[in-house]
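Trainee: Below are the sequence and a predicted model for it; my questions follow.
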Amino acid sequence: MDVIHLPAGEVPPGGDRRDPDFAFASRGRVLKAYGVDERLPVALDDRSYADGSWDAALERAFRKRRAQGIDNPILVGAVPFDGRLPAQLFIPRRHAFVDAARLVPDAANDAPPDIATVAETIDRAAYEASVARALALIGSTDLRKVVLSRPLDIEARQPFAPRRLMHALLRQNPGAYVFSVPVAYGQTLIGASPELLIRKTGRGIVSNPLAGSAPRSPSAEEEKRRIQALLGSAKDQIEHRYVVDGVRAALAGHCTALTVPPEPSVIRTPTMLHLSTELSGELADPMVSPLRLAHALHPTPAICGTPTDLAQQAIGLLEGYSRNWYGGMVGWMDSAGNGEWVLAIRCGVVSGRHLRLYAGAGVVADSTPSAEWAETAAKLATMLNLFGVNASAKAGNSVELAS
């Protein structure tokens, strides 16, 4: 999907002026931002970001709005996976934090969208061949982990409603970071990420990387067994350790103190179990912005691999499509220096009747092509359910998904 930037103040086709232009749910509340007061375009890997000139422009923009009587203006938006591509960042005209329980209507009786087609952009043979090539690189180079993803394209008979999709995600995933953000004219990135990249409150920071996963079970006994298997899995522990070590290395230079638990725990989402480590620290410089910290972390081994440069090269060589916003970041920050940025995973891009979903799996030395395919199939099946799509019911559907 090509990126065509939305002109300031323009509403995409099918939009509703009552809908926020940006929404971000975290810890029981939702940030709703309306209108585009000023765009601050930048590619985070450009010189203008590295030399601090973009930060200076943002501070001038914040200062202007404080002079207009806005106590604490904010910046919101999304950053693509590839830091060389422009981010979609803007200062809204107004914003508010609201209780998530009050925002989401009871959508339980909403009819699911009538789906015309569900198509795999990358089929099983191609994906497993890419995993096999990644394993060969791991065996012959310094590459230790690479995350290989694949998209799934859905076409409905009527346009998808972004607001309804976000409300459904929030209702089904009250503990997730649920977001909706325009990324191009007529295109909205919507998701329910379980993964906090960075939260900054004053001098304090928290990062919660996840890596290593297994599907949940309706049986309490079976789920207990799966949790123990996940904690005892050498493959998942290695994959998780790469991520934690990468986050630790990126944050250590910014902190006077950084706490890293010695072992991961297991967290539950409605459908998945994940190995989780929550790192917390205190910043040496309280003025460093949440976005700059997020950029220092991005892309983490959870969504890219390790070493980062080799993993990025492998992704470009092996995946066979452009991720664009998948694997990037979504979030906000205010003029006081507080904010949150999360990984753009468990997400999709909505454009009229079209929805593209994504799923990835971490490939390490102990991986097998069939297991990585099964992991992405399970994640895509989960995403289809979360977005209210029943792929298996469609005649002529060749998509192979886990139940």
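Mentor: Received it, and whenever you're ready, just let me know what you need. Numbers count the residues shown, from 1 in each chain.
Trainee: low pLDDT regions in the stretch 51-200 of the chain?
Mentor: Under the criterion of pLDDT under 70, the regions of the stretch 51-200 of the chain flagged as low confidence span 103-112.
Trainee: where along it do the helices fall?
Mentor: With DSSP state H, counting those that start in this stretch applied, the stretch 51-200 of the chain shows helices at 53-67, 100-103, 124-140, 162-172, listed in chain order.
Trainee: ok, and for the last one, which residues are buried?
Mentor: For helix 162-172, burial by neighbour count (16 or more other C-beta atoms under 10 Å) applies to 162-163, 165-172. In short, each C-beta sits where N, CA and C put it, glycine included.
Trainee: Then stretch 256-264?
Mentor: Along stretch 256-264, the positions that meet the burial threshold by neighbour count (16+ other C-beta under 10 Å) are 258, 260, 264.
Trainee: okay, the angle between the longest strand along the chain and helix 124-140?
Mentor: In the chain, with assignment by DSSP state E, the single longest strand is strand 145-156. Here strand 145-156 points in a direction 170 degrees away from that of helix 124-140 (axes from the mean of the first three to the mean of the last three C-alpha atoms, to 10 degrees).
Trainee: quick one: strands adjacent to strand 145-156?
Mentor: Listed by DSSP bridges, the sheet partners of strand 145-156 and their directions read strand 115-120 (antiparallel), strand 305-306 (antiparallel), strand 354-363 (antiparallel).
Trainee: got the angle for the longest one vs helix 162-172?
Mentor: Relative orientation of strand 354-363 and helix 162-172, computed by the same axes, to 10 degrees: 40 degrees.
Trainee: Dump strand 354-363 to CSV, restricted to CA.
Mentor: In CSV, the C-alpha atoms belonging to strand 354-363 read as follows (Å, rounded to 0.1, in the frame of the first residue of the first chain):
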residue,chain,number,x,y,z
HIS,A,354,-9.3,-3.7,2.2
LEU,A,355,-7.6,-4.9,5.4
ARG,A,356,-4.0,-6.1,5.5
LEU,A,357,-3.0,-8.0,8.6
TYR,A,358,0.6,-9.1,9.6
ALA,A,359,2.3,-11.7,11.7
GLY,A,360,5.9,-12.6,12.3
ALA,A,361,8.1,-15.2,14.0
GLY,A,362,11.6,-15.1,15.4
VAL,A,363,14.0,-17.4,13.7
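Trainee: So which of the helices of the stretch 51-200 of the chain is the most surrounded?
Mentor: Ranked by mean neighbour count under mean count of other C-beta atoms under 10 Å, those are led by helix 162-172, which reaches a mean of 21.
Trainee: which residues touch stretch 41-61?
Mentor: Contacts of stretch 41-61 with the rest of the structure, by C-beta atoms under 8 Å, 6 or more residues apart in numbering, involve 5, 38, 40, 73, 75, 79, 83-87, 89, 91, 289, 291-292, 295, 298.
Trainee: For the spatially most central residue of the chain, which non-adjacent residue is closest in space?
Mentor: Within the chain, one residue has its C-alpha closest to the average C-alpha position: by C-alpha atoms, centre = their mean, that is residue 344, at 1.3 Å. Spatial nearest neighbour of residue 344, chain neighbours left out: residue 328 (4.6 Å); criterion: C-beta to C-beta, 6 or more residues apart in numbering.
Trainee: do residue 286 as well
Mentor: The spatially closest residue to residue 286, leaving aside those adjacent along the chain, is residue 203, at 4.6 Å (C-beta to C-beta, 6+ apart).
Trainee: what residues are up against that neighbour?
Mentor: For residue 203, the set of contacting residues under the criterion of C-beta under 8 Å, 6+ apart consists of 282-283, 286.
Trainee: Please pick the buried ones from these.
Mentor: Among the contacts of residue 203, the ones that count as buried by 16+ other C-beta under 10 Å are residue 283.
Trainee: quick one: the helices in the stretch 201-350 of the chain?
Mentor: Across the stretch 201-350 of the chain, reading from the start of the chain, the helices by DSSP H, counting those that start in this stretch fall at 220-232, 234-252, 290-297, 308-318.
Trainee: Would you mind finding the most buried of the ones you listed?
Mentor: The densest packing among the helices of the stretch 201-350 of the chain, expressed as mean neighbour count by mean count of other C-beta under 10 Å, is seen in helix 290-297 with a mean of 22.
Trainee: Show me what that helix is packed up against.
Mentor: Packing contacts for helix 290-297, counted by 3 or more C-beta pairs under 8 Å, 6 or more residues apart in numbering; DSSP states H and E, involve strand 74-79, strand 196-201, helix 234-252, strand 329-334, strand 339-343.
Trainee: just so I know, which of the ones you listed lies nearest residue 182?
Mentor: strand 74-79 (8.6 Å; C-beta to C-beta).
Trainee: What strands line up against the closest one, and which way round?
Mentor: With DSSP bridges as the test, strand 74-79 is paired with strand 88-91 (antiparallel), strand 329-334 (antiparallel).
Trainee: Just the C-alphas of that strand, formatted as PDB.
Mentor: What follows is strand 74-79, C-alpha atoms only, in PDB (Å, rounded to 0.1, in the frame of the first residue of the first chain):
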ATOM      1  CA  ILE A  74       1.200  16.800  22.700                       C
ATOM      2  CA  LEU A  75       2.600  15.100  19.700                       C
ATOM      3  CA  VAL A  76       1.100  11.900  18.400                       C
ATOM      4  CA  GLY A  77       1.600   9.500  15.500                       C
ATOM      5  CA  ALA A  78       3.300   6.500  14.000                       C
ATOM      6  CA  VAL A  79       6.900   5.600  12.900                       C
END
